[in-house]
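*Asks:* fold the following for me, if possible:
(2 chains)
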Amino acid sequence: MTPLLLSSYTATTCLGKGLEATLAGLRDNHSGLKPCIFETVKLDTWIGEVVTVDGQKLPKNLARFDCRNNRLVQLGLEADGFGDRVREAITRYGKSRVGIFLGTSTAGILQTELAYRRCDPETGRLPDDFIYRTTHNSFSLAEFTREYFGLEGPALAVSTACSSSAKVFAAAARQLACGTIDAAVVGGVDTLCLTTLYGFASLQLTSPEPCRPYDVVRNGISVGEGAAFALLERLPAQPTSGSVLLLGTGESSDAYHMSSPHPDGLGAKLAMAGALRCAGLPASAIDYINLHGTATPANDAAEGKAVASIFGDRVACSSTKGATGHTLGAAGAVEAVICALALTNDLLPGSPNTTTCDPAISLNYQLRSASGKVRYALSNSFGFGGSNCSLVLGVAQ
Amino acid sequence: MTPTSLKAWIEGIGFLAPGLADWPSARAVLRGEAAYGPAPSNLPAPGILPAAERRRASRVVKLTLAIGLEAAARAEADISQLATVFTASGADGHNCHALCEQLATEDRQISPTRFHNSVHNAAAGYWGIATKSMAPCQVLCAYDASFGAGLLDALGQVVIDAQPTLLIAYDSEYPEPLHSKRDTPDCAGVALLLTSQKTARSLAHISLRSTVEMAQKMLDPDLEILRTAIPALRSLPLLQMLAKGESGTVCLDYLAPMQLSVDLKLC
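*Replies:* Numbering: from 1, shown residues only, chains lettered A, B, ... in the order given. Purely as a prediction, here's the structure:
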């Protein structure tokens, strides 16, 4: 593909708001996870919560969008001056020429979960103040973002569970290549809710401890929440040195099982190979891999096999979910931004909470953050339904 | 810059809506050769699934397999190789209701199957398992604009990745109490198999550009109700031209004020 410029990017997770807090957390091997005390949830697990979400007030004219998920959208959009960069792009290109491509798994379903507790005992009706379209619906975060910036161009939500906000990079790149738009706001936002906490618990996939990706005694995920965005534009003739570039995307399907990965990671291999092919790079060019690494026994074993089959045990790799938790539909964008930080700060991020690598997985796994030159990074995101996406990012020299 | 590169050949069509069992029956109604008779959508048991899975298949799984396989069969396509773009205004409404209802009680030990069926890409996941296709699979939502969003991304995949892509646009209903908040009346959907190269099976060529014109409405009041009540059926004016064998330009509802103007040339 023709490389694209990430002219601005930002991430907000339990590590903190914006790039500075995220980078500091990664450098210090900090984990933002804490025991689950979310809402009325009674589960023996740990979560990655963004504690400042509920302090957000949405603009009055967008009050109908008010819910935890859209509050996190706004919090994330206004970190690192990202919103201002978007407004400048709209001035440059026009309000119908900037597209919105956001990933989510559950959007604002928490709003519906809470509304069901307030159903009229006589009629069973949901409360009048509950608005499905602008909170629960998977498109709500994209519609909110489009209206927040007063845009009139294309918008969509990708909802392929935990690969959602990696796939938005591919969808936006296609429309930029076709000339439908001149810039794209891509990203992902997911927030804590009962469906995912109790759902992953029902599958016995939540850990009673902070998650330990790729550890020999890993025993499940820590559900997190997050918002991460990037502004994608065509590359100028002379990109500024240090600019982060989207170089390749690869998408595939496992065609195997709804909630278990293919045991040999066949779909994951196809996605990684596709992203390398799309970037026109050999596997040997990659300096760092941000693994999907959810810390479930099955995911890490399958992904480890797939990565080893393409890259051997040379490339430094880590899952950063011990730091951020698994931000589900936001994970692809959060981890693309972590790759951008790795590329621009000569950083090989480590894996908080992981102490002993699984000896059955032969990878060059980065337990502790370290300095190292990263010219090309690959990020993996895999989801329920067998949905896989890999991204290749690079930095302009 | 006016985007002119969003174009493809239509190789196959699948269709299912209330009172319209498949594309041939829809085609007859859209041509004016048969009267439209409102009736609940009839979702066939998916023969492609093993017997046990077939009995458990949800309404959205039955719907998407029915229309996707119909379009692929018309195009004589190898379903195990097809890239897919699923687009839907919502996920499985009945499953969502059951989860929310249980999570509102003290007993929150939800069923793991209900949980993995709650993802927006559940129907797409079952499609992959049934067809064994490991090709890219997109799953989108744009509320009432979901058909247009799916068409844009599917054409993007055809043009940029040059791979045959099956667009499956579909919607389903919520039970009460959510139904009062989102009143999609029934299951319906349309599938279009799109390719970058003309073949002996090509039905028509389409090219897409954005516009701010008004979308075309259906003259038949029953069909106009379907067009406005079910997001995937915002495609009906385009399908009517295909059914009648008319070349021309048609404007479809997308995301106000952006609409999609489709230039259709019959083969």
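
*Asks:* show me where the stretch 1-150 of chain B has its helices.
*Replies:* Taking DSSP state H, counting those that start in this stretch as the criterion, the stretch 1-150 of chain B carries its helices at B:23-30, B:51-56, B:59-74, B:93-103, B:112-116, B:122-131, B:146-161.

*Asks:* I should have written the stretch 1-150 of chain A there, sorry.
*Replies:* Using DSSP H, counting those that start in this stretch, helices in the stretch 1-150 of chain A cover A:18-27, A:68-77, A:82-93, A:109-116, A:140-148.

*Asks:* geometric centre of chain A: which residue is closest?
*Replies:* For chain A, residue A:331 is the residue whose C-alpha lies nearest the centre (Cα atoms, centre = their mean; 2.2 Å).

*Asks:* A helix includes it, no?
*Replies:* Yes - applying DSSP: H, G, I helix; E, B strand; the rest coil, one finds residue A:331 inside a helix.

*Asks:* so it versus chain B, what's the distance?
*Replies:* 14 Å (Cβ to the nearest Cβ, to the nearest Å). C-betas here are computed from N, CA, C, even on glycine.

*Asks:* tell me how far that residue lies from residue A:391.
*Replies:* For residue A:331, the distance to residue A:391 (Cβ to Cβ, to the nearest Å) stands at 12 Å.

*Asks:* and for residue A:34?
*Replies:* 29 Å.

*Asks:* what about the two, which has more around it?
*Replies:* Remark: of residue A:34 and residue A:391, residue A:391 carries more neighbours, 30 against 16, as counted by other Cβ atoms under 10 Å in any protein chain shown.

*Asks:* find the closest residue to chain B in chain A.
*Replies:* Residue of chain A nearest chain B, by Cβ to the nearest Cβ: residue A:385 (2.8 Å).

*Asks:* rewinding a little: find residues that contact each of residue A:331 and residue A:391.
*Replies:* A:166, A:381 (Cβ atoms under 8 Å, 6 or more residues apart in numbering or on different chains).

*Asks:* which elements pack onto the helix or strand containing residue B:166?
*Replies:* Using DSSP states H and E, the element containing residue B:166 is strand B:165-171. On a contact count with 3 or more Cβ pairs under 8 Å, 6 or more residues apart in numbering or on different chains; DSSP states H and E, strand B:165-171 meets helix B:59-74, strand B:83-88, helix B:122-131, helix B:146-161, strand B:188-195.

*Asks:* now render the helices of the stretch 1-150 of chain B as TSV, adding distance to chain A and mean pLDDT.
*Replies:* Below are these laid out as TSV (distance: least, Cβ to the nearest Cβ, whole Å; pLDDT from 0 to 100):
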stretch	distance to chain A	mean pLDDT
helix B:23-30	25	98
helix B:51-56	11	83
helix B:59-74	11	98
helix B:93-103	5	97
helix B:112-116	3	95
helix B:122-131	3	95
helix B:146-161	3	97
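
*Asks:* hang on, the earlier thing: could I get the helices and strands packed on strand B:165-171 as JSON lines with distance to residue B:178 and mean neighbour count?
*Replies:* Output for these, formatted as JSON lines (distance: least, Cβ to Cβ, whole Å; neighbours: other Cβ atoms under 10 Å in any protein chain shown):
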{"stretch": "helix B:59-74", "distance to residue B:178": "15", "mean neighbour count": "24"}
{"stretch": "strand B:83-88", "distance to residue B:178": "15", "mean neighbour count": "28"}
{"stretch": "helix B:122-131", "distance to residue B:178": "17", "mean neighbour count": "26"}
{"stretch": "helix B:146-161", "distance to residue B:178": "17", "mean neighbour count": "26"}
{"stretch": "strand B:188-195", "distance to residue B:178": "18", "mean neighbour count": "27"}
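
*Asks:* as TSV, these with distance to residue A:300 would be great.
*Replies:* Shown next, in TSV, are these (distance: least, Cβ to Cβ, whole Å):
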stretch	distance to residue A:300
helix B:59-74	29
strand B:83-88	28
helix B:122-131	21
helix B:146-161	30
strand B:188-195	36
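
*Asks:* who wins for proximity to residue A:363 among the ones you listed?
*Replies:* For residue A:363, the closest of the helices and strands packed on strand B:165-171 is helix B:122-131, at 27.0 Å, according to Cβ to Cβ.

*Asks:* dump the helices of the stretch 1-150 of chain A into TSV; add distance to residue B:151, mean neighbour count and mean pLDDT as well.
*Replies:* Shown next, in TSV, are these (distance: least, Cβ to Cβ, whole Å; neighbours: other Cβ atoms under 10 Å in any protein chain shown; pLDDT from 0 to 100):
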stretch	distance to residue B:151	mean neighbour count	mean pLDDT
helix A:18-27	36	19	98
helix A:68-77	26	26	98
helix A:82-93	23	17	98
helix A:109-116	27	24	98
helix A:140-148	17	27	98
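
*Asks:* that'll do, ta.
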